[in-house]
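Peer 1: Build me a model from this:
(one chain, ligands or ions: 1)
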Amino acid sequence: MPILQPDQIYQLLRNLTSPVVAITSEHGGKRNGMIADSAVRASIVPTIPRVSVYIHKFNYSHDLIFETGRFALHLLRDDQFELIHRLGFASGRTRDKLADVPHRLGTLGVPVLGDCYASFECRVVNVMDTGSSTCFLGDVVEVDHGAAGRAVGSVMTAAHFRANMPGEWRGEYEALLRAAQAYAAERSRDLRPVIWKGLAR
Ligand SMILES: Cc1cc2nc3c(=O)[nH]c(=O)nc-3n(C[C@H](O)[C@H](O)[C@H](O)COP(=O)(O)O)c2cc1C
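Peer 2: The predicted structure is shown next:
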């Protein structure tokens, strides 16, 4: 059996990336948004809609979501490259990334983007520590169909984004990915048991 090199394994695992989603959060009046491709449906029960998403601890969004237990997840249309660049290439610690992005505050008080394929407001019901990131499990409490309701186009996939992003962004994207990989490489073995506050009895 051929032995696969780590990079070959990584490329195979890339088939398991999720659609590209925008994740928004709010804490104490501060609103933020980021991009993720690690979000999946986490329940097969129609009456218990759930999602999970892995968020690195160095991201500002991580702290906002961990503190509040609330986030909104947005499927994007396959032409929303600008939004991905705006939310996914720089941190909201030092700038208001949603200032020029039309949104409203939803049922949970988190920003819900006006222009997307569909949005899901989520309440965190449990978490898992991976050392470098937290996997948030969220109950979907509100849905807005967005473009999906009008059956417009298809959702942005990770492969579509990587293949079609403007060429001038590619160097920055790859540098950010390498930095995130270096951060994760240092911490991924340092797993901590976390009891989510919502579960405390
Ligand atoms: C296509 C794409 C996919 C990404 N996927 C993830 C992800 O799954 N988890 C994560 O923590 N960061 C992911 N990121 C990186 C964050 O979006 C990025 O670090 C962002 O600047 C975080 O913003 P914040 O510090 O304001 O929270 C992704 C970025 C891009 C462009």
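Peer 1: In the protein, what residue spans correspond to helices?
Peer 2: 6-13, 60-68, 81-88, 146-149, 158-164, 170-187 (DSSP state H).
Peer 1: what's the least confident stretch among those?
Peer 2: When the helices of the chain are compared by mean pLDDT, helix 146-149 comes last with a mean of 63.
Peer 1: For Phe81, the count of nearby residues, please.
Peer 2: 18 (other Cβ atoms under 10 Å). Any C-beta I mention is one placed from the backbone N, CA and C, and that applies to glycine too.
Peer 1: okay but it is in contact with Pro166, surely?
Peer 2: Yes. With contacts counted by Cβ atoms under 8 Å, Phe81 reaches Pro166, the gap being 6.9 Å.
Peer 1: Distance-wise, check the residue lying closest to Ala184 once chain neighbours are set aside relative to Leu75.
Peer 2: With sequence-adjacent residues excluded and distances taken as Cβ to Cβ, 6 or more residues apart in numbering, Ala184 is closest to Ser132, at 3.9 Å. Ser132 sits at a distance of 25 Å from Leu75 (criterion: Cβ to Cβ, to the nearest Å).
Peer 1: again, but for Glu172
Peer 2: 24 Å.
Peer 1: Looking only at neighbour counts, state which of the two leads.
Peer 2: The neighbour comparison of Glu172 against Leu75 (other Cβ under 10 Å) goes to Leu75, with 22 against 13.
Peer 1: how about the residues of this protein that lie near the ligand?
Peer 2: Contact residues, the chain versus the ligand (Cβ under 6 Å from any ligand atom): 20, 32, 34-38, 54-56, 59-61, 84, 88, 90-93, 133, 161.
Peer 1: Next step: these restricted to strands.
Peer 2: Mapping the residues of the chain next to the ligand onto strands (DSSP state E) picks out Asn32, Met34, Ile35, Ala36, Tyr54, Ile55, His56, Ser133.
Peer 1: per-residue confidence for the last one?
Peer 2: Predicted confidence (pLDDT) at Ser133: the value is 98.
Peer 1: quick one, what contacts it?
Peer 2: Ser133 makes contact with Tyr54, Ile55, His56, Lys57, His62, Ala184, according to Cβ atoms under 8 Å, 6 or more residues apart in numbering.
Peer 1: And the furthest pair within these?
Peer 2: The largest separation in the contacts of Ser133, counting by Cβ to Cβ, is between His62 and Ala184 at 12.8 Å.
Peer 1: Noted, bye for now.
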